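Trainee: Structure for the following, please:
(chains A and B)
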Amino acid sequence: MTIPALGAYEFTPLDGAAAYGDDQLVIVHREDPRLWFCAAATFRAPRAMPFGEFKAAMIDGWCGSDPDYDPAAATDWRVFDEPLDVDPSKTLAELGIGHKALVTFRTP
Amino acid sequence: MKKLSMRERYNLLTRDLDWTPSYVDPAEVYPFSRYEGIKIHDWDAWEDPFRLTVDAYAKYQAEKDKRLYAVLDSFAQSQGHLGISDASYLNAMKLFLQGVTKLEYAAHRHFAYLARHLDGPGPRFAALCQSLDELRHAQTQIHTLSNYNKYYEGFHSWPKMHDRVWYLSVPKSFFDDAMTAGPFEFLTAISFSFEYLLTNLLFVPFMSGASFNGDLPTMTFGFSAQSDESRHMTLGLEVIKFLLEQDEANVPIVQGWIDKWFWRGHRLNALVAQMMDYMLPKKVMSWKEAFELYFEQQMMQGLFPDLAYYGITPPRHVEHAILEKDIVSHQTYWVLKQFTFAAAFHTWEVDDDSMAWLSAQYPDTFDTYFKPRLLKSREQAANGMHSYFLGLPQLCQVCQIPMLFTEPGDPTTICFRHREYKGETYHMCSDGCQWIFDREPEKYIQAWLPVHQIYLGNCGGPSVPEVLSWYGVEEGVDNHPYEVSPDRKSWDEWHAAAGVAGK
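Mentor: Residues are numbered from 1 along each chain as shown, chains lettered A, B, ... in the order given. Predicted coordinates for the structure are as follows:
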């Protein structure tokens, strides 16, 4: 549906991939039926950051405030519901994790 | 000259001062009232809900102001703030001042615009009166709450906070969305959906909360605004009926706006829901009960059967809103609690009495889904640990609330929706917000999402202290749990000295 307007109505998003240069936003959700964390987290990370580093520095840093979180138990990684074959040495870009991608995992 | 009746005076001073432009095309005089596709054939068919003239209007409002300011003076002089239920109550008022007062001012501005740009003199005059009302509401709210600013933290810098703070982008973007729409969509959004459909859920909880918790100034403000609000409600209903009666082609357009703005308003109400259930030391009623009374009974069973005559159906996604009445307050408070370090008000651990009340009010959900994590949070607090969210949350592109909402009927699974648009990804919290995005993607891609802006370095700097400083939040004073706040300390000291037990 087009937006009713008196003139041309076209805009550039404020937070498109281009705005972040070599970095990008990545959204990470820990699946947890207790929902200890109220929502998924948003991170800014270089596209060239290896996944292992991303997890250790960002995801574990975030989840570590929950005493019930075990970093070694994180499993069932997915990107937008598609299974993700986690190779810690591969970069976010190589794993197909793009700007504003939703990465999910579980801790049994 | 004989004394004229109210009706004659009204006609002379409003409609009879109008004229039809003859040497300029009306479309040039009123350039904004046609492009939305709404067809108006007879502006004179507008039924003026209140036949007020400017002099009568000014007289009524001056009398109400006099009464309000007498109460404010007396409350200030008698140290009335010491008599409220508990200082923690004032956090609901901080949220109100930060979230709502600038919306009143925004409404004042936009109704002034409508008072110029609607073709008919009847609706123009109604918009003029409402514009003045909204300015008065903004001013009287500021004066009402300014007394607390002398004794309590967090009542400063609220206009700046409204423009900058993450949770306040929710009400701000809601109103910006309405103001950047055409005049008829604005009227449907604000006059109908906000002021009629959802008004009792928005304002009654705050004003009843004030009355139950000894906040005489806010309660008096509520009374002072009440007669204006009932005029606004009448205007909201009149707008809808007028649009629907003018042309059948208007019906689907109006229905689309009702669908959109019901959901936008419902999402905004998440902040009110948590306030009612968690932030009032003396509870009025649960959010669930208020929702059932003011929305399900009054609107779904009262209003919508009447609107069916015009071909209007209940709002899209209303079934999801009804499912959320059991969960939304608990989920929203948890977000504010986990981000208390970045807020300009306090949250606190939920005590046994409040948990018992919540269990009784929410027998189907509280004990199963929400009590366990509140108990864990309390346990952690007792061990000197907080339950903060050490990161930035994912936000919904449309309502801008952290993506806390769960799948309909499943309170354990977060609801994720997303869309690709022109090569970029956008996330939405619900089917309702996704439907709104899909209608007008070009509008919502412009969203100023606080989290994304922080990551772009536009909010004072990359660290939490820098962002808080840019917000105007004083670290360790305005934020963090109520239990360790200066407000709590002052309150206890004042009451210890007076021999009155604090909380």
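
Trainee: Surely A:K55 touches A:D87?
Mentor: No: here A:K55 does not reach A:D87: they are 11.6 Å apart, not a contact under CB atoms under 8 Å. The C-beta positions use only the backbone N, C-alpha and C, and glycine is treated the same way.

Trainee: Which residue is the nearest non-sequential neighbour of B:N200?
Mentor: The shortest distance from B:N200 to any residue other than its chain neighbours is 3.9 Å, reached at B:Y294 (CB to CB, 6 or more residues apart in numbering or on different chains).

Trainee: Over to that neighbour: give its phi and psi.
Mentor: Backbone torsions for B:Y294, taken as degrees, to the nearest 10, come to phi -80, psi -20.

Trainee: so how far is B:V335 from it?
Mentor: In this structure, B:Y294 and B:V335 are 24 Å apart, going by CB to CB, to the nearest Å.

Trainee: In terms of neighbours, single out the busier of these two.
Mentor: For B:Y294 against B:V335, the residue with the higher neighbour count under other CB atoms under 10 Å in any protein chain shown is B:V335, and the figures read 23 against 18.

Trainee: Show me the shaky parts of chain B.
Mentor: Across chain B, residues meeting the criterion (pLDDT under 70) sit at B:1, B:498-503.

Trainee: Let's see that with 50 instead.
Mentor: B:502-503 (pLDDT under 50).

Trainee: repeat for chain A
Mentor: When residues are selected by pLDDT under 50, none of them lie in chain A.

Trainee: Could you check which of A:K55 and A:D87 is surrounded by more residues?
Mentor: With neighbours defined as other CB under 10 Å, A:K55 and A:D87 compare such that A:K55 has more, 21 against 12.

Trainee: for that one, what are its contacts?
Mentor: Taking CB atoms under 8 Å, 6 or more residues apart in numbering or on different chains as the criterion, A:K55 is in contact with A:71, A:74, A:88.

Trainee: Roughly how far does B:T199 sit from A:L35?
Mentor: From B:T199 over to A:L35 the distance is 31 Å, taken as CB to CB.

Trainee: And for B:L82?
Mentor: As it turns out, when the distance is counted by CB to CB, B:L82 lies 39 Å from A:L35.

Trainee: Compare these two (neighbour count), which wins?
Mentor: Between B:L82 and A:L35, counted using other CB under 10 Å, A:L35 has the larger neighbour count: 20 against 14.

Trainee: Okay, now the sheet partners of the longest strand along chain A, with direction.
Mentor: Secondary structure of chain A read by DSSP state E shows that its longest strand is strand A:23-31. In the sheet containing strand A:23-31, the strands it pairs with under DSSP bridges are strand A:41-46 (antiparallel), strand A:101-106 (parallel).

Trainee: for it, which positions count as buried?
Mentor: A:23-30 (16 or more other CB atoms under 10 Å in any protein chain shown).

Trainee: Now for those residues: which two are most distant?
Mentor: A:D23 and A:R30 (22.1 Å; CB to CB).

Trainee: Please report phi then psi for residue 57.
Mentor: Since you didn't name a chain, this refers to chain A. Dihedral angles phi and psi of A:A57 (degrees, to the nearest 10) take the values phi -80, psi -40.

Trainee: What distance do you get for it to chain B?
Mentor: With distances defined as CB to the nearest CB, to the nearest Å, the gap from A:A57 to chain B amounts to 12 Å.

Trainee: tally of neighbours for that residue?
Mentor: Using other CB under 10 Å, A:A57 has 13 other residues around it.

Trainee: just the helices in chain A please.
Mentor: Secondary structure of chain A (DSSP state H): helices at A:51-54, A:60-63.

Trainee: For the strands paired with strand A:23-31, give me CSV that also has mean neighbour count.
Mentor: Formatted as CSV, the entries for the strands paired with strand A:23-31 read as follows, by neighbours: other CB atoms under 10 Å in any protein chain shown:
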stretch, mean neighbour count
strand A:41-46, 20
strand A:101-106, 20
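
Trainee: Can you lay out those as CSV showing distance to B:Q446?
Mentor: Conversion of those to CSV gives the following (distance: least, CB to CB, whole Å):
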stretch, distance to B:Q446
strand A:41-46, 19
strand A:101-106, 22
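
Trainee: Whichever residue of the stretch 51-200 of chain B sits closest to chain A: what's it in contact with?
Mentor: For the stretch 51-200 of chain B, the residue positioned closest to chain A under CB to the nearest CB is B:G182, at a distance of 6.1 Å. Applying CB under 8 Å, 6+ apart to B:G182 gives the contacts A:4, B:32-33, B:35-36.

Trainee: hmm, which two among these are most spread apart?
Mentor: Based on CB to CB, the longest span within those runs between A:P4 and B:S33 and measures 11.9 Å.

Trainee: out of these two, which sits in the busier spot?
Mentor: Set side by side, A:P4 and B:S33 show unequal neighbour counts under other CB under 10 Å, the larger going to B:S33 at 21 against 17.

Trainee: backbone phi and psi for the more buried one, please?
Mentor: Reported as degrees, to the nearest 10, the phi and psi values for B:S33 are phi -100, psi 10.

Trainee: Correct me if wrong: it contacts B:G120.
Mentor: No: assessed by CB under 8 Å, B:S33 is found out of contact with B:G120, at 9.2 Å.

Trainee: who touches both of the two?
Mentor: Overlap between the neighbourhoods of B:S33 and B:G120 consists of B:I40, taking contacts as CB under 8 Å, 6+ apart.

Trainee: how many neighbours does B:N11 have?
Mentor: A total of 17 residues lie near B:N11 under the criterion other CB under 10 Å.

Trainee: same check, this time on the one 10 residues further on
Mentor: Residues contacting B:P21 under the criterion other CB under 10 Å number 12.

Trainee: what ranges do the strands span in the stretch 301-450 of chain B?
Mentor: With DSSP state E, counting those that start in this stretch as the definition, the stretch 301-450 of chain B shows strands at residue ranges B:392-393, B:417-421, B:424-428.

Trainee: Comparing the ones you listed, which comes out most buried?
Mentor: Ranked by mean neighbour count, the strands of the stretch 301-450 of chain B are led by strand B:392-393 with a mean of 23 (mean count of other CB atoms under 10 Å in any protein chain shown).

Trainee: strands paired with that strand, and their directions?
Mentor: Here the strand partners of strand B:392-393, with direction, are listed using DSSP bridges: strand A:41-46 (antiparallel).

Trainee: Lovely, talk soon.
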